[in-house]
Structures are given as structure tokens and as C-alpha cells.
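Novice: need a structure here:
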Amino acid sequence: MKKPYLAELLKRYLHDDCTEGEAWTVEQWYEARDMPRPTPPTPAEANAAKARMWRQVQAQVQPKPALWHSPALRWAAAAIVVLGVGLSVLVALQRPAVGTKAALSSAAVVRFGAANGWITCTNPTTKATKVALADGSTVTLQPNSRLHYPKRFDGPDRRVTLSGEAFFEVAHDARHPFRVLTNKLETTVLGTSFTVRAFPGQAEAAVMVRTGRVRVAPSPAPLADAQRATPAAIVLLPNQQVVYSAAAPELRRELVAQPAQLAPQLLTFNERPVAEVLASLQAAYGVPILYDGAALANCTVSLAFGRESLFDKLDLLCRTLGASYEREDEKIVFRSRGCHSE
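Specialist: Take a look at the predicted model:
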């Protein structure tokens, strides 16, 4: 260890201006000598300390075999060996093993290709990937799906093509509708969030709406099928979906599998009319709930709903009243024999 380097190292250490590795070197020396850490010295004390440390360090680094048997030096050497082994293992773990380069390069990754002002994103992986569009919209592209979209939206509408499944969060632009084209359906929105599922080779395609309003129509038929009747477009509301089958061309409006609560709302009732409970659930989820008001006129309940799904909440209400419900297209029909006042 050269004297100028040691002097500079001690100066930086005493002024708390050295790296972690340099501090570790100085502190190991202190530990080996069983000396306390120094407090910032005066200039005169600093100069004296530098000279004293230099003499002590020089004495330890002289090639005297007897000194190697000192317990302090043996512990310091062991620490250095352990540190070196640890660094070697870390480097070895981070370095790819021989023969893995080809395997890593052939692993499935999301691919982007560009041509003629359009971009194609292909997701052959097992995880969804997020794609940002030029208008501020975002698309969550599911595995085994492909999205074709322009670098810039310049026309009267914002048009993308999907093969597979994706969730769209569309930036609002009333003058430029957003259109998603698949081999079976064409979906048009102004600004909303929804999912489109249309995998090649599958008989059915579906559109599921989370927020806003979405217009869905069958994709234009090929010339060979031009004589077939085409279902009229329909407008979907939150928690609704449409399922389309080319085999029997029709658009079926349904509830989504698990309706989402559209706005936070306290759903706690203490001896409240059942009609009020049903109205609150309808408002919270945007799902029409039909019931016989006369039959429920005398029915009250005390319930506190939490994070259950809409259908779990209805199950609890039905168990309380001895009632039942069923789904009919985009609606829920609630049935009860009523309650008799005592």
C-alpha cells in the first residue's frame, strides 16, 4: 500500500468522503487492531494520526512470517477470502451457463414489427403485455394475441385490428371514434374500457364492457356470404357483453360473468325494505334487477355487504328471505313469495 494512497484514503475516511469499499478497508484495519472509530480530528491531530497509522500499517505489511500467525491478521485474511469467494459465486450466478445462449434467444418474447406507418404487436408469451397507442389509449394484449395499429391516428376514426383478446382503455375523443376490427365483430367507442375476445378458429367472439357505452356490429361479410342476413348493431352498457356466433349469425346481449361495482357505495341495511336493497344493488352495479314490488311490500332485512361479488350478495339476500333469482340476458329477475306482517 503506497503512502500517498493511504494518506488520501485516510483523509477521505476521516471526512466521510470515501466509497463503501474504501470505508470497509479502513474499518477492517481498525477491527484487526481492536481500535475505536475516530471522531473528526483537528488539523494537527489529523496529521499526527496519518503518520502514526502509516507506521502501523507499514509494520503489518512487512513480509515477516511470524506476523502471519497473529489472530487479528488471520481473521482479516479469512474475511478477505470469504469476500472473494462470495464475489466469485455472485459473478458465476449472473453469467449465463455455457450452452444457454441459444435457449435464451429462442424464448418467447413480445415482438413489434413496423411497416408502412403501422405497427404489429404479437404476444406469444404466457403473460399479458401493455401497449400504448399514439392517442393516449392503452391496450392490455393477452397471450397468443396480435394487435395491428397505426403509429399515428390521422383519419376520421381511430382504427386498430385485433386477433385474439385484449382489454382496451380508450382516451375520449368525440370527433374521432375508436374502432376495433376482428374477423367477426366491429366495436366502436368514443372513450371507455372494454374487452374484445376473437381468437382465430373459435366459433364465437365476444365484447365485454367495463365502463362507458360500446357499439358492436358484425364485421362486413365476404362477398360469398353477402346474401346472408346480418344482425343489427347493438349498444352495450357497463357490465354487459355481446356474444356473436358466425354459425348462427346473431348478437346475444348478456351480463358479464362477474359484474364489477361501478362506484364505491356503502351497502349496509338495518331493517330496511328489500326493495331498497335491490335498488341499491342495481345502482351500484348498473344491472337491471326486476322484482314484484307488491310481493316484497312487507319485507325488510338487516344486512351488511362487504367485498362479495354481486351474485354472492344476491345469494345472501335470497338465503335470508327464502327467495331466488336468475339471469335473463342482461337482466336479473328476483323472485320471492313475499313476507307476511305479524
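Novice: Touching stretch 116-134 from outside, list them.
Specialist: 108-114, 138-153, 158, 160, 164 (C-beta atoms under 8 Å, 6 or more residues apart in numbering). All C-beta atoms are positioned from the backbone trio N, CA, C, and that covers glycine.
Novice: Quick check: ChimeraX command selecting the buried ones in the residues you listed.
Specialist: Only the buried entries of the contacts of stretch 116-134 go into this ChimeraX selection, using 16 or more other C-beta atoms under 10 Å:
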select :110,139,140,141,142,144,145,146,147,148,149,150,153,158,160,164
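Novice: Show me where the stretch 201-342 of the chain has its helices.
Specialist: In the stretch 201-342 of the chain, the helices defined using DSSP state H, counting those that start in this stretch lie at 274-285, 310-321.
Novice: sorry, back to before: just the ones of the contacts of stretch 116-134 in strands?
Specialist: 111-114, 138-141, 145-150, 158, 160, 164 (DSSP state E).
Novice: Show me the shaky parts of this protein.
Specialist: 1-7, 9-10, 12-16, 18-47, 49-107, 221-229, 340-342 (pLDDT under 70).
Novice: Walk me through the domains of it.
Specialist: 3-94, 111-255, 268-335 (automatic domain parsing).
Novice: Most tightly packed of the helices of the stretch 201-342 of the chain?
Specialist: Burial of those is given as mean neighbour count (mean count of other C-beta atoms under 10 Å); helix 274-285 ranks first at a mean of 19.
Novice: quick one: the helices in the stretch 51-200 of the chain?
Specialist: 65-68, 71-94, 101-105.
Novice: which residues does the nearest residue to L278 once chain neighbours are set aside bridge with?
Specialist: Counting by C-beta to C-beta, 6 or more residues apart in numbering, L278 lies nearest to I289, which is 5.0 Å off, once chain neighbours are set aside. Per DSSP bridges, the residues bridged to I289 are I332.
Novice: List the contacts of I289.
Specialist: Contacts of I289 by C-beta under 8 Å, 6+ apart are 278-279, 281-282, 331-334.
Novice: cool, and H172?
Specialist: Residues near H172 by C-beta under 8 Å, 6+ apart: 190-191.
Novice: how much space between V160 and K130?
Specialist: Separation of V160 from K130 (C-beta to C-beta, to the nearest Å) stands at 14 Å.
Novice: Kindly report the same for F269.
Specialist: 40 Å.
Novice: Tell me which of those two has more neighbours.
Specialist: F269 (18 against 11; other C-beta atoms under 10 Å).
Novice: Surely that one is in contact with L316?
Specialist: No: assessed by C-beta atoms under 8 Å, F269 is found out of contact with L316, at 11.4 Å.
Novice: can you list residues touching both of those two?
Specialist: Contacts common to F269 and L316, judged by C-beta under 8 Å, 6+ apart, are L303.
Novice: Can you name the residues bridging to the nearest residue to P231 once chain neighbours are set aside?
Specialist: Nearest residue to P231, sequence neighbours excluded (C-beta to C-beta, 6+ apart): L251, at 4.7 Å. Here L251 sits in beta bridges with Y244, as judged by DSSP bridges.
Novice: what number of residues lie near L251?
Specialist: 19.
Novice: what sits against it?
Specialist: 216-218, 231-234, 242-244.
Novice: what ranges do the strands span in the stretch 101-250 of the chain?
Specialist: 111-115, 118-123, 129-132, 138-141, 145-150, 158-169, 178-181, 185-189, 193-198, 204-211, 214-218, 234-236, 240-245, 250-255 (DSSP state E, counting those that start in this stretch).
Novice: closest to Q261 out of the ones you listed?
Specialist: strand 204-211 (11.1 Å; C-beta to C-beta).
Novice: packing partners for that closest one?
Specialist: Where contact means 3 or more C-beta pairs under 8 Å, 6 or more residues apart in numbering; DSSP states H and E, strand 204-211 is packed against strand 185-189, strand 193-198, strand 240-245.
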